[in-house]
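J.: here is a sequence with its predicted model. Questions after.
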Amino acid sequence: MAAELPEDALGRRVLCGQHRATVRFVGAVPPTEGVWLGVEWDDPTRGKHDGSREGVRYFTCSHPTGGSFVRPSKASFGADFLSVLRQRYDDEESDEEIKVSGKTLKWTEVKERSLESFSVILLENCPVNGPGVDGQIRQTTPNVRWLNLSGSLLCGWDDVAAVARQLEHLEGLHLSFNRLRLPSEIAAHRGAFNNLRVLTLMSCRLTWTQVLECAPMWPHLEELIVEDNDITRLHRPEGVFGELRCLDLSKNPLQQDSLLNLAHLPRLQHLIMTDTDFCDIRFPDAAPGAETSSFASLENLNLSCNRISEWRVIDELGKLPSLRQLWCRGNFLVSDDRNPKTANQMLIAKLPHLCILNGTEVTLQERKGAECDYLKMFGEEWMQSVARSPSRREFSNRHPRYSALVDKYGAPEEGELKKRQPFALKNQLLKITFVFADEESRTPLVKKLPVTMEVRKVKGLLARIMKVPVSDLKLSYTSAKVVGPEYDMDGDLKTLFFYNVEDGDTILVRRS
């Protein structure tokens, strides 16, 4: 049963069933009797209006259908940190797992241990609404290093800081799927996160300005995950993020020209920008083929599932002095022969320091083969440009590494400059294994499909086999060359070729 309506209900976070919301209004809504809560849902599809009813505005929402009126009896305001932890601790039916002193234990096993020994606490999707009595967290769970409070009922950073201040060894904090008010005073919380190294803030509706405003609280942060927020324009971090090594900006609609505002971060090694509509970048401080001073430490760059279609973007990435790993699946880069393998060779040839491409090691033999083939591919064009100065400059701008490859291997011989036969993309068949992730008893299905086949047609084939509607199916795939990453195939009109699905890959089939 829901708790009594607190005096400070306005602005509080609530749980209605399994859905979270923020209280924007408390009061009467004529002609009905009694008190109502006007809530703004985290999921705006649950709402019915924007905070107005019959011409009267009671509150405002950021989404036109993000609001509803609910009775207080339907809303839970949660409980303090230790109350929620103990409730889970006493739940004999729970099959949750938790890490204690480096070991993974069942929750029932954890009951035999003291809370003082906990190094990791997982309270994701639990109704934690605040720290409780000051000092009790420090006394009860003093050794916590990793804390997950994703999907909580915390209202703002003041509450988060009040918890973190009592966890002096806290290194990792997960706060995804929360709606956190900005702190009332940044300076008051500078010491609350002194040991914090990893911070996850997925789907919190944050802007970059808000992230930078909070950043002084995290002086030693090394990894920041802000996937799926409201980040558009990136502003230059001034006096913050000096120790940041990994930044995940995936699924944010970034403005292309603002990326360079991150270029001076001195220790940034890993930048993840999947599904950000990224399509272009320029490093004006470096001529074609030279090295840029931007992103001096950047070693690992993930640009999968974007809109890169021009090879000059890869030439610009070739200016990065430390780039060793690149993920570039799901873009629009194609070679003249439309062969994905040729496109990969061009990526390797254009990026001189690349050691790993899409999770696969680039061996010395592969690099030599890619660079020699690149010399042959454009050798005729290069020879024609040598005699004419304007053409030579134009060729060098489009192929900034070519002269270095000539110095490395020698000029291609005339007999090697034969044009390749056009690649018949439509005739290429891929051997695909379909695994039914939701139906473990169903035997995996192996099919040969044309690389030009659209996702919708793949779904149609599977729908007929499984006897389910096409709209019920959701597809993703894993590479045969790389263990681990799974890539969504959410564009029904896109082809297997677009997603860089290769021979031997696995497509996972799920019911949506």
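T.: Sure, I can see it. Numbers count the residues shown, from 1 in each chain.

J.: any stretches of the stretch 301-450 of the chain with poor pLDDT?
T.: Across the stretch 301-450 of the chain, the ranges flagged by pLDDT under 70 are 387, 389, 415-427.

J.: and the strands in it?
T.: 325-327, 356-357, 360-361, 429-436, 445-450 (DSSP state E, counting those that start in this stretch).

J.: give me the domain ranges for the protein.
T.: Domain assignment for the chain by automatic domain parsing gives 13-74, 79-338, 425-511.

J.: out of the ones you listed, nearest to Tyr409?
T.: Evaluated with Cβ to Cβ, the domains of the chain place domain 79-338 nearest to Tyr409, the distance being 16.3 Å. Backbone N, C-alpha and C define where each C-beta goes, glycine included.

J.: first-to-last residue distance for the closest one?
T.: 59 Å (Cα to Cα, to the nearest Å).

J.: which one of the strands of the stretch 301-450 of the chain is the most hemmed in?
T.: strand 325-327 (a mean of 21; mean count of other Cβ atoms under 10 Å).

J.: hmm, back to that, redo the strands of the stretch 301-450 of the chain as JSON lines? Include distance to Leu167.
T.: JSON lines is the format used below for the strands of the stretch 301-450 of the chain (distance: least, Cβ to Cβ, whole Å):
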{"stretch": "strand 325-327", "distance to Leu167": "33"}
{"stretch": "strand 356-357", "distance to Leu167": "36"}
{"stretch": "strand 360-361", "distance to Leu167": "40"}
{"stretch": "strand 429-436", "distance to Leu167": "41"}
{"stretch": "strand 445-450", "distance to Leu167": "49"}
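
J.: of all the ones you listed, which lies closest to Glu4?
T.: strand 429-436 (48.2 Å).

J.: who are the packing partners of that closest one?
T.: strand 445-450, strand 506-511 (3 or more Cβ pairs under 8 Å, 6 or more residues apart in numbering; DSSP states H and E).

J.: does Glu116 really touch Val144, like I thought?
T.: No - Glu116 lies out of contact with Val144 (Cβ atoms under 8 Å); the separation is 9.8 Å.

J.: neighbour count winner among the two?
T.: Val144 (24 against 11; other Cβ atoms under 10 Å).

J.: report the contact partners of the more buried one.
T.: Phe118, Ser119, Val120, Ile121, Leu167, His169, Leu170 (Cβ atoms under 8 Å, 6 or more residues apart in numbering).

J.: could you dump those into a markdown table with secondary structure, pLDDT and distance to Lys494 added?
T.: Shown next, in a markdown table, are the contacts of Val144 (DSSP: H, G, I helix; E, B strand; the rest coil; pLDDT from 0 to 100; distance: Cβ to Cβ, whole Å):
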| residue | secondary structure | pLDDT | distance to Lys494 |
| --- | --- | --- | --- |
| Phe118 | coil | 88 | 46 |
| Ser119 | coil | 92 | 44 |
| Val120 | strand | 92 | 40 |
| Ile121 | strand | 93 | 41 |
| Leu167 | coil | 96 | 45 |
| His169 | coil | 96 | 46 |
| Leu170 | coil | 97 | 42 |
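
J.: name the nearest of the residues you listed relative to Phe436.
T.: Closest approach between these and Phe436, by Cβ to Cβ: Val120, at 33.2 Å.

J.: burial of the closest one, as a residue count?
T.: The burial count for Val120: 17, using other Cβ under 10 Å.

J.: quick check: it vs His174, distance?
T.: Val120 is 11 Å from His174, where distance means Cβ to Cβ, to the nearest Å.

J.: now for those two: what residues contact both?
T.: Leu147.

J.: can I get the buried part of the contacts of Val144 as one PyMOL selection?
T.: Selection of buried members from the contacts of Val144 for PyMOL, criterion 16 or more other Cβ atoms under 10 Å:
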select buried, resi 118+119+120+121+167+170
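
J.: looking at the contacts of Val144, which one is closest to Asp503?
T.: The closest of the contacts of Val144, once distances to Asp503 are taken by Cβ to Cβ, is Val120, at 41.1 Å.

J.: next one: the closest one from Glu171, what distance?
T.: Per Cβ to Cβ, Val120 is found 10 Å from Glu171.

J.: pull up the overlap in contacts between the two.
T.: With Cβ under 8 Å, 6+ apart as the test, Val120 and Glu171 both reach Arg145, Trp146.

J.: quick revisit: which of the contacts of Val144 lies closest to Leu224?
T.: Of these, the one sitting nearest to Leu224 (Cβ to Cβ) turns out to be Leu170, at 15.3 Å.

J.: got a list of what the closest one touches?
T.: Val144, Arg145, Trp146, Leu147, Ala164, Phe193, Asn195, Leu196.

J.: quick one, strands of the stretch 51-200 of the chain?
T.: Under DSSP E, counting those that start in this stretch, the stretch 51-200 of the chain gives strands at 52-53, 56-57, 67-70, 79-80, 97-100, 103-106, 120-122, 128-130, 146-148, 172-174, 198-200.
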